[in-house]
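[1] Take this sequence and fold it.
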Amino acid sequence: CGKEISKNLGEEGSKQRPRFTTRTESTMSYLQGQDRDVVVIRKNKTKPKTAHEKNRALASGAMSVEKKYGGGTNRNSAGVNARKIEEEDADFKHRKIPVEFKKALMKARQAKKMSQKELAQKCQLQASIIQQYENGKAVPNGQIISKLSRALGCSLPKIPKKKKVRDDS
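    Below is the predicted model of the structure:
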């Protein structure tokens with residue numbers, strides 16, 4: 001039939017399992033045409049690791065840098081968004097905290113003899129956030145204002161919303 005079957009048994013034939021190998025003639029002829037030479041492929045160039053090596057490679061011309069438009073992002077339509085922003089003529093200003101809110105917050109905190117850190121802990125906020133509110137650098141939302149009001153035991157003034165400008169054209 002053209003099959004070679006070899007049975008390999010160890011010295012202790014009863015304890016080990018017999019191993020069977022099967023090869024056909026077609027498999028043998030297929031393997032005879034194979035090139036069995038060992039080929040080792042290595043990269044000759046290594047990447048520069050330090051800034052000094054990168055600068056040296058750039059100066060010698062061994063490496064070049066290509067700047068790609070939108071490289072490192074997954075956006076394809078940056079031009080469309082840029083055009084929309086360019087055509088926009090609205091006034092882009094941040095909301096400002098009224099002076100009354102800043103003073104009311106500071107006076108209520110000092111009346112309770114609390115530090116900014118203590119007030120922040122009571123409201124589950126960071127002390128830097130309370131400092132930003134008192135300096136007028138950050139705008140609190142309604143939930144935070146109500147937390148501060150409850151912690152201080154007084155009502156703080158609400159911050160007016162930004163008015164929308166209508167175009168009647």
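[2] Tell me which stretches of the protein form helices.
    25-32, 51-60, 78-87, 99-111, 116-122, 127-135, 142-152 (DSSP state H).
[3] Not counting its neighbours along the chain, what's nearest V99?
    Computed as C-beta to C-beta, 6 or more residues apart in numbering, the closest residue to V99 that is not its neighbour in sequence is G136, at 7.8 Å. Where you see a C-beta, it was placed from the backbone N, CA and C, and this is true even at glycine.
[4] And L105, how far from A138?
    Per C-beta to C-beta, to the nearest Å, L105 is found 12 Å from A138.
[5] Compare these two (neighbour count), which wins?
    It is L105, of L105 and A138, that has more neighbours when counted by other C-beta atoms under 10 Å, with 24 against 15.
[6] Contact partners for that one?
    133-134, 148, 152, 156 (C-beta atoms under 8 Å, 6 or more residues apart in numbering).
[7] Tabulate the residues you listed (CSV), appending neighbour count.
    Output for those, formatted as CSV (neighbours: other C-beta atoms under 10 Å):
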residue, neighbour count
Y133, 24
E134, 18
L148, 24
L152, 20
L156, 17
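[8] need these in CSV with distance to R36 and pLDDT, can you?
    Below are those laid out as CSV (distance: C-beta to C-beta, whole Å; pLDDT from 0 to 100):
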residue, distance to R36, pLDDT
Y133, 77, 90
E134, 80, 90
L148, 80, 92
L152, 85, 92
L156, 84, 88
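[9] residues in contact with M106?
    So M106 contacts E134 (C-beta under 8 Å, 6+ apart).
[10] rewinding a little: pLDDT at the residue nearest to V99, what is it?
    On pLDDT, G136 comes in at 87.
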